[in-house]
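**Student:** Fold the following.
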Amino acid sequence: FGSPTVFSVDRIRGRWFGVTTPELPNGRLGWVRADPSRFLGGYTDFRIAVDLSDHEARLWRGDELLRRWPVTVGSPATPTPTGRFSVTDVFRGGLNPAYGCCAVALTATQPHLPTGWSGGNRIAFHGTDGALGTDGSTGCLRSRDRDVRALVETVPLGTPVTIRA
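**Tutor:** Next up, the predicted model:
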């Protein structure tokens, strides 16, 4: 989507980093050589945890819970994928009004797109003016605008995101 490429390192094997990327299927890691001449290292204490059965997302900094909020998750036909992902992009505006104020895109992708869907296959947190706490999205994590705005203003690219059933 035009943001700088930032990888969230999920595993380290020798001189290789296992990273999440939307170019691979959910649950697969891409492996890149840990070459200091090609990468700038960084670290974030932030992490996002989503519990699909509770319809809840939580933003953490270290062991401190900063925010929790209700989310609408994927329907049975288009379930939100589970696993370990990361933040790839933040959108502060200019979106289709159906996506609310803003959005936070993840490395997660939707392998079960409905016929005729033209919205792309990437999973994101985005705003909604619809009901929350249901199984009604195409896989995205619909949230109140104020909650997505808090993510946009807080989390850096590469922030780890864990989604569990």
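
**Student:** Correct me if wrong: residue 73 contacts residue 138.
**Tutor:** No: counting by C-beta atoms under 8 Å, residue 73 does not reach residue 138; the two are 10.3 Å apart. Using the backbone N, CA and C atoms, a C-beta is placed for each residue, glycine as well.

**Student:** for this protein, longest strand please?
**Tutor:** When the chain is parsed with DSSP state E, its longest strand is strand 83-91.

**Student:** neighbour count winner among residue 73 and residue 138?
**Tutor:** residue 73 (27 against 20; other C-beta atoms under 10 Å).

**Student:** can you pull the contacts of the more buried one?
**Tutor:** For residue 73, the contacting residues are 50, 52, 55, 79-80, 134-137, 139, 141, by C-beta atoms under 8 Å, 6 or more residues apart in numbering.

**Student:** In strands only, show me those.
**Tutor:** Using DSSP E, those in strands are 50, 135-137, 141.

**Student:** Quick check: of those, which has the highest neighbour count?
**Tutor:** Result: residue 141 is most packed of the ones in strands among the contacts of residue 73 (other C-beta under 10 Å), 29 neighbours.

**Student:** Pull up the gap between that residue and residue 30, please.
**Tutor:** Residue 141 sits 23 Å away from residue 30, going by C-beta to C-beta, to the nearest Å.

**Student:** tell me, what residue is most central in the protein?
**Tutor:** residue 106 (3.0 Å; C-alpha atoms, centre = their mean).

**Student:** what is the mean pLDDT for the helix or strand harbouring that residue?
**Tutor:** The secondary structure element spanning residue 106 is strand 103-109 (assigned by DSSP states H and E). On average, the pLDDT along strand 103-109 is 97.

**Student:** Now do that strand: everything it contacts.
**Tutor:** Residues from elsewhere that reach strand 103-109 (C-beta under 8 Å, 6+ apart): 1, 8, 20-22, 25-26, 80-81, 83, 85-91, 95, 121-127, 139, 148, 151-152, 155, 161, 163.

**Student:** do stretch 113-126 as well
**Tutor:** Residues contacting stretch 113-126 (C-beta under 8 Å, 6+ apart): 22, 57, 71, 77-78, 80-81, 85, 95, 99-100, 102-106, 108-111, 138-143, 147-148, 151.

**Student:** where do the strands sit along the chain?
**Tutor:** Under the criterion DSSP E, the chain carries strands at the ranges 9-13, 16-19, 30-33, 46-51, 56-61, 64-70, 73-74, 83-91, 103-109, 122-127, 135-137, 141-143, 160-164.
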